[in-house]
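J.: take this sequence and fold it.
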Amino acid sequence: MRQLNLAKPSWTVGQLERRHQGITHQAINKYALYHSYFRLLYPLLSPIYKVGKILLAILLIWGIVLFIQSSWVQSYSNTYLNKIINISQKLGFTLDNILVEGRQRITISAILNSVVASKGDALLTLPINQIQENLHKNPWVKNINVIRKLPNTLLINITEYQPTALWQKDNDFYLISEEGTIITKTSIDNYKNLTIIKGDQAPIKFNDLKNALSTQKNLGHTIKYAEFINDRRWDIYLDNNVLIKLPEDNFNKGWQTLLELQEQSSLLNKNVQMLDLRLIDYPLIRFNNKATALINLLNSRASESKS
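T.: Numbering: from 1, shown residues only. Predicted structure coming up:
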């Protein structure tokens with residue numbers, strides 16, 4: 001029977017060095033081969049690598065969002081949030097007072113209905129944006145500012161539209177602000193002191209008429225109503241039924257000419273039926289029938305006296 005020799009082979013120093021060099025050269029050759037493959041494949045793999053990084057980032061963000069929205073996290077955060085709210089209420093940060101500034105026409109009930117909260121609710125959790133949106137739905141509100149006033153007050157600062165005229169549309173009347181904004185439908189009996197304006201574009205062009213409204217007292221008469229004609233210019237009807245036709249351009253100059261004529265000659269008190277200022281430098285005056293007959297009589301007598 002042959003006996004196996006289990007002893008380890010013996011190596012000389014020279015054999016070991018040659019063996020190490022062979023292994024090293026093989027490793028270098030393999031690295032060079034792999035590197036050449038990588039250089040060939042890099043243009044193809046680079047876009048895939050970039051897309052992979054983007055997809056990985058999206059998946060990571062999605063996972064974080066799902067984790068935050070999970071019922072466990074929600075219940076955990078809600079528990080601590082409720083504790084904070086309870087502590088703030090115990091410290092007195094509750095809704096006990098509502099302070100309103102600038103209110104003139106908006107009803108108290110309308111304000112309270114817009115505040116989606118009850119007395120004693122935590123002041124820190126009041127939905128301020130929702131309260132402001134609710135109040136902005138009121139047609140009288142021009143600007144609104146709602147703030148928490150610690151420790152227990154909700155401050156509501158309101159700027160309301162100021163009605164300066166009544167816009168007549170068919171048989172209905174609407175309040176118009178000084179900016180020309182249509183505020184709300186109303187009854188003429190509630191605002192008899194306001195001037196009536198007519199015409200589809202009258203509210204939009206109302207800014208031109210504001211000067212007339214502010215200086216009408218200088219005429220000695222009030223404006224009964226004003227009509228915007230053919231979406232171009234204004235006709236003014238005074239309380240003594242005198243019609244004033246104002247120019248399409250240079251409205252302010254036409255109105256100033258009217259004031260000067262009234263100041264110099266009290267023209268509007270002399271049985272005038274119509275004053276046409278569409279040509280500002282050549283005003284046309286039409287008298288009523290009685291005044292025209294009187295002028296004709298005086299002219300005829302003047303002619304007879306000369307003859």
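J.: in the stretch 151-300 of the chain, which spans are helices?
T.: 206-215, 251-265, 289-306 (DSSP state H, counting those that start in this stretch).
J.: now the longest one: average pLDDT?
T.: Read that as helix 289-306. What helix 289-306 shows for mean pLDDT is 51.
J.: one more: stretch 104-120?
T.: Rounded mean pLDDT across stretch 104-120 is 91.
J.: who's in contact with that stretch?
T.: If you take C-beta atoms under 8 Å, 6 or more residues apart in numbering as the criterion, stretch 104-120 is touched by 89, 94-96, 98, 100, 103, 126-127, 130-131, 134-135, 137-138, 140-141, 154, 156, 158, 160. Where you see a C-beta, it was placed from the backbone N, CA and C, and this is true even at glycine.
J.: buried residues in that stretch?
T.: 105-106, 110-111, 114-115, 117 (16 or more other C-beta atoms under 10 Å).
J.: make TSV from these and add distance to A226 and secondary structure to it.
T.: Putting the buried residues of stretch 104-120 into TSV (distance: C-beta to C-beta, whole Å; DSSP: H, G, I helix; E, B strand; the rest coil) gives the following:
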residue	distance to A226	secondary structure
R105	24	coil
I106	28	coil
A110	32	helix
I111	35	helix
S114	36	helix
V115	40	coil
A117	46	coil
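J.: I285: neighbour count?
T.: 14 (other C-beta atoms under 10 Å).
J.: doesn't V272 make contact with it?
T.: Yes: taking contacts as C-beta atoms under 8 Å, I285 lies within contact range of V272: 6.1 Å.
J.: what residue ranges in the stretch 51-200 of the chain score low on pLDDT?
T.: Along the stretch 51-200 of the chain, the parts satisfying pLDDT under 70 run over 51-53, 57-78, 80-81.
J.: can you show me the strands along it?
T.: Using DSSP state E, counting those that start in this stretch, the strands of the stretch 51-200 of the chain run over 97-101, 141-149, 153-160, 163-169, 172-177, 182-186, 195-198.
J.: do you know which of these lies nearest W255?
T.: strand 195-198 (13.9 Å; C-beta to C-beta).
J.: buried subset of the contacts of stretch 104-120, written for ChimeraX?
T.: To isolate the buried members of these in ChimeraX, using 16+ other C-beta under 10 Å:
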select :89,94,95,98,103,126,131,134,135,138,140,141,154,156,158,160
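J.: nearest spatial neighbour of R233, chain-adjacent residues omitted?
T.: E248 (4.1 Å; C-beta to C-beta, 6 or more residues apart in numbering).
J.: one more: I144?
T.: Closest residue in space to I144, ignoring its immediate chain neighbours: L135 at 4.8 Å, by C-beta to C-beta, 6+ apart.
J.: contacts only, for that neighbour.
T.: Counted by C-beta under 8 Å, 6+ apart, L135 has contacts 111, 114, 141, 144, 146, 156, 158.
J.: likewise N138?
T.: 106, 110, 114.
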